[in-house]
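Visitor: What follows is a predicted protein model with its sequence.
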Amino acid sequence: MSDPKKLFIKTYGCQMNVYDSERMAESLGGKGYVTTDKPEDADMILLNTCHIREKAAEKIYSELGRLKGFKTANPDLKIGVAGCVAQAEGAEIMKRQPMVDLVVGPQSYHRLPQMEDALARGETALDTDFPEDDKFETLKSRPKAKRGPTAFLTVQEGCDKFCAFCVVPYTRGAEVSRPSDRIIREAQELVEAGVREITLLGQNVNAYHGHDGGLAGLIWELDKVDGLERIRFTTSHPNDMDDALIDAHGTCDKLMPYLHLPVQSGSDKVLKAMNRKHTRDQYFKLIERIRAARPDLLLSGDFIVGFPGETEADFEDTMDLVRTVGYGQAYSFKYSTRPGTPAAERAQVEEDVKLDRLHRLQSLLSEQQYDIQKSMVGRTVKVLFEKHGRETGQMIGKSEYLHAVFADTTDVAIGDLRDVRVVKTERNSLGGEIV
Ligand code: 5AD
Ligand code: SF4
């Protein structure tokens with residue numbers, strides 16, 4: 001038998017891309033590829049790309065520039081671009097970088113095996129369709145090989161919300177929910193392979209409608225899967241947080257007390273210009289209801305500063321919202337113009353103003369995050385251990401609040417779920433002792 005061919009995948013962007021990269025690797029596994037973490041050994045290099053901000057997209061072209069050397073060293077090397085830049089730019093990528101052999105969008109990667117056939121014939125391959133055939137039906141079941149204790153599982157893709165800043169409705173298309181029976185089967189396969197925690201993914205995951213009762217209905221079905229200990233989901237839109245989902249946070253033991261609920265801005269004027277379709281007050285009321293259901297829930301958010309038309313007073317409204325809500329985790333960005341989106345056409349805020357606001361917001365958010373971590377010291381949390389630390393005898397896992405927790409122990413295995421008393425906090429992690 002000939003040696004297996006080697007595939008190196010580099011993943012950018014969100015967790016949906018992490019999931020897609022796994023599925024692409026599995027799909028090419030059928031064509032004799034095994035994954036490698038050394039690009040210099042690869043027969044195929046795939047960049048799974050993100051288009052959410054200009055910087056993310058530009059990174060791809062500089063990375064492709066760097067890959068030229070590998071292609072010179074190995075002329076048989078195939079180079080592919082997958083993901084959201086592939087979807088947005090299509091054939092343009094091959095024009096800008098003629099050494100690219102393959103361009104595949106996020107909705108058509110189940111066709112990778114046929115595309116690989118074309119590459120083997122010395123052709124190039126391009127597929128950025130939104131095809132009728134369901135990629136998940138083609139990809140079917142997951143491999144049986146033993147894997148780590150946590151996994152992502154995409155349940156919903158695309159977005160119908162059309163926030164004025166966002167490319168996702170264009171790169172990932174309209175909202176589509178996978179049927180719940182397939183998701184349950186995939187969850188069972190993951191559990192059989194050793195998974196104990198599943199994070200359900202979707203660009204608008206709480207708009208999931210593939211089961212009665214929406215995402216909450218699906219979560220209650222997954223609650224019945226033996227061996228599955230923890231359920232999480234991301235990313236949610238405030239307008240899709242229905243009563244059943246809020247209620248599940250209080251009543252479903254497997255659903256973890258962590259919620260990523262982006263608000264983007266604290267100014268009503270900016271929220272309206274962003275087409276978010278809710279006010280700051282509605283967001284506050286929603287947070288109150290969620291915290292009434294699950295008082296210890298840790299909130300996470302996304303923020304954009306310098307959206308077109310944002311004044312200093314609007315920005316202060318965002319700072320005020322952050323102080324009022326209190327976030328345990330947050331991601332904040334300068335507004336980045338995305339071609340084809342409504343806000344790209346508007347008068348832009350100056351770059352240095354954006355940068356100044358970003359710094360002020362980030363220092364507030366990181367103080368809040370640190371304060372919440374400090375408040376964990378002395379508490380006992382449940383940690384799912386995921387890997388060995390850099391020091392021998394050290395194990396690293398995640399608490400129910402998604403904090404990274406280190407423990408000095410030789411008596412814990414990867415995949416163990418253990419009570420840990422938090423004894424100290426670093427800037428981005430907690431230190432604990434096994435109880
Ligand atoms: N500029 C800056 N940030 C953006 N995001 C989405 N589009 C843009 C943009 N054009 C941020 C939002 C979103 C997160 C995934 O990325 O905060 O929630
Ligand atoms: Fe980036 Fe959005 Fe695509 Fe995820 S879905 S990779 S965040 S553009």
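Guide: Perfect, thanks for sending it. Numbers count the residues shown, from 1 in each chain. Ligands and ions are numbered 1, 2, ... in the order given.
Visitor: Those residues of the stretch 1-150 of the chain touching ligand 1, which are they?
Guide: Residues of the stretch 1-150 of the chain that fall close to ligand 1, judged by C-beta under 6 Å from any ligand atom: 52, 53. Backbone N, C-alpha and C define where each C-beta goes, glycine included.
Visitor: ugh, wrong one, the stretch 151-300 of the chain
Guide: 165, 166, 262, 264.
Visitor: Make TSV from the residues you listed and add neighbour count to it.
Guide: Below are those laid out as TSV (neighbours: other C-beta atoms under 10 Å):
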residue	neighbour count
165	24
166	21
262	19
264	24
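Visitor: From those, pick the one nearest residue 222.
Guide: Of all those, residue 222 sits closest to residue 262, with 23.5 Å by C-beta to C-beta.
Visitor: what residue ranges in this structure are flagged as low confidence?
Guide: Scanning the chain for pLDDT under 70 picks out 1-2.
Visitor: what do you get if the cut-off is 90, keeping everything else the same?
Guide: 1-3, 30, 55-58, 130-146, 389-393, 410 (pLDDT under 90).
Visitor: ok, which residues in the chain are in contact with ligand 2?
Guide: Counting by C-beta under 6 Å from any ligand atom, the chain comes close to ligand 2 at 13-14, 16-17, 50-52, 83-84, 167-168, 171-172, 203.
Visitor: quick one: the strands in the stretch 51-200 of the chain?
Guide: Secondary structure of the stretch 51-200 of the chain (DSSP state E, counting those that start in this stretch): strands at 78-82, 102-104, 125-127, 150-154, 156-157, 176-177, 197-201.
Visitor: Which one, of those, ends up nearest to residue 277?
Guide: For the strands of the stretch 51-200 of the chain, the distance to residue 277 is smallest for strand 156-157, at 18.6 Å, taking C-beta to C-beta.
Visitor: quick revisit: how about the residues of the stretch 151-300 of the chain next to ligand 1 in CSV, adding distance to residue 319?
Guide: Conversion of these to CSV gives the following (distance: C-beta to C-beta, whole Å):
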residue, distance to residue 319
165, 19
166, 23
262, 16
264, 14
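Visitor: Ligand 2: which of these is nearest?
Guide: Nearest to ligand 2 out of these is residue 166 (C-beta to the nearest ligand atom; 8.0 Å).
Visitor: returning to what we had before: JSON lines for the strands of the stretch 51-200 of the chain, including mean neighbour count?
Guide: JSON lines is the format used below for these (neighbours: other C-beta under 10 Å):
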{"stretch": "strand 78-82", "mean neighbour count": "25"}
{"stretch": "strand 102-104", "mean neighbour count": "25"}
{"stretch": "strand 125-127", "mean neighbour count": "20"}
{"stretch": "strand 150-154", "mean neighbour count": "21"}
{"stretch": "strand 156-157", "mean neighbour count": "24"}
{"stretch": "strand 176-177", "mean neighbour count": "19"}
{"stretch": "strand 197-201", "mean neighbour count": "23"}
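Visitor: tally of neighbours for the residue lying closest to residue 97 once chain neighbours are set aside?
Guide: Nearest residue to residue 97, sequence neighbours excluded (C-beta to C-beta, 6 or more residues apart in numbering): residue 64, at 4.7 Å. Using other C-beta atoms under 10 Å, residue 64 has 19 other residues around it.
Visitor: Ligand 1 versus residue 64, what's the distance?
Guide: Here residue 64 is placed at a distance of 22 Å from ligand 1 (C-beta to the nearest ligand atom, to the nearest Å).
Visitor: can you pull the contacts of that residue?
Guide: Applying C-beta atoms under 8 Å, 6 or more residues apart in numbering, we find residue 64 in contact with 47, 79, 81, 97, 99, 100.
Visitor: of all those residues, which two lie farthest apart?
Guide: 47 and 99 (12.4 Å).
Visitor: any common contacting residues for those two?
Guide: What both residue 47 and residue 99 touch, as defined by C-beta under 8 Å, 6+ apart, is the set 64, 79.
Visitor: ok, these two, which is more surrounded?
Guide: Ranked by neighbour count (other C-beta under 10 Å), residue 47 and residue 99 place residue 47 first, with 25 against 16.
Visitor: Check the offset of the helix or strand encompassing the more buried one from the chain's centre.
Guide: Assessed by DSSP states H and E, residue 47 sits inside strand 44-49. Relative to its chain's centre, strand 44-49 lies at 17 Å (C-alpha atoms, centre = their mean, to the nearest Å).
Visitor: what angle separates it from strand 78-82?
Guide: Angle of strand 44-49 versus strand 78-82, following axes from the mean of the first three to the mean of the last three C-alpha atoms, to 10 degrees, is 20 degrees.
Visitor: what packs against strand 44-49?
Guide: Judged by 3 or more C-beta pairs under 8 Å, 6 or more residues apart in numbering; DSSP states H and E, the packing partners of strand 44-49 are strand 5-11, helix 15-29, helix 54-73, strand 78-82, helix 83-89.
Visitor: The residue of the stretch 201-350 of the chain found nearest ligand 1: what's it in contact with?
Guide: In the stretch 201-350 of the chain, the residue that lies nearest ligand 1 is residue 302 (3.3 Å; C-beta to the nearest ligand atom). Residue 302 makes contacts with 235, 260, 262, 263, 264, 330, 331, 332, 333, as judged by C-beta under 8 Å, 6+ apart.
Visitor: Which residues are in contact with the last one?
Guide: Read that as residue 333. Listed by C-beta under 8 Å, 6+ apart, the contact partners of residue 333 are 53, 302, 303, 304, 305, 358.
Visitor: any chance of these in CSV, with secondary structure and distance to residue 384 too?
Guide: Output for those, formatted as CSV (DSSP: H, G, I helix; E, B strand; the rest coil; distance: C-beta to C-beta, whole Å):
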residue, secondary structure, distance to residue 384
53, coil, 31
302, strand, 25
303, strand, 28
304, strand, 32
305, strand, 34
358, helix, 33
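Visitor: Show me how far stretch 100-113 is from its chain's centre.
Guide: Computed by C-alpha atoms, centre = their mean, the chain-centroid distance of stretch 100-113 equals 20 Å.
Visitor: Buried ones in it, by neighbour count?
Guide: 100-112 (16 or more other C-beta atoms under 10 Å).
Visitor: Ends of that stretch, what's the gap?
Guide: Start-to-end span of stretch 100-113 (C-alpha to C-alpha, to the nearest Å) is 17 Å.
Visitor: tally of neighbours for residue 83?
Guide: Counted with other C-beta under 10 Å, residue 83 comes out at 30.
Visitor: Would you mind measuring from it to ligand 1?
Guide: 14 Å.
Visitor: Would you agree that residue is in contact with residue 56?
Guide: No: between residue 83 and residue 56 there is no contact, the gap being 10.1 Å when judged by C-beta atoms under 8 Å.
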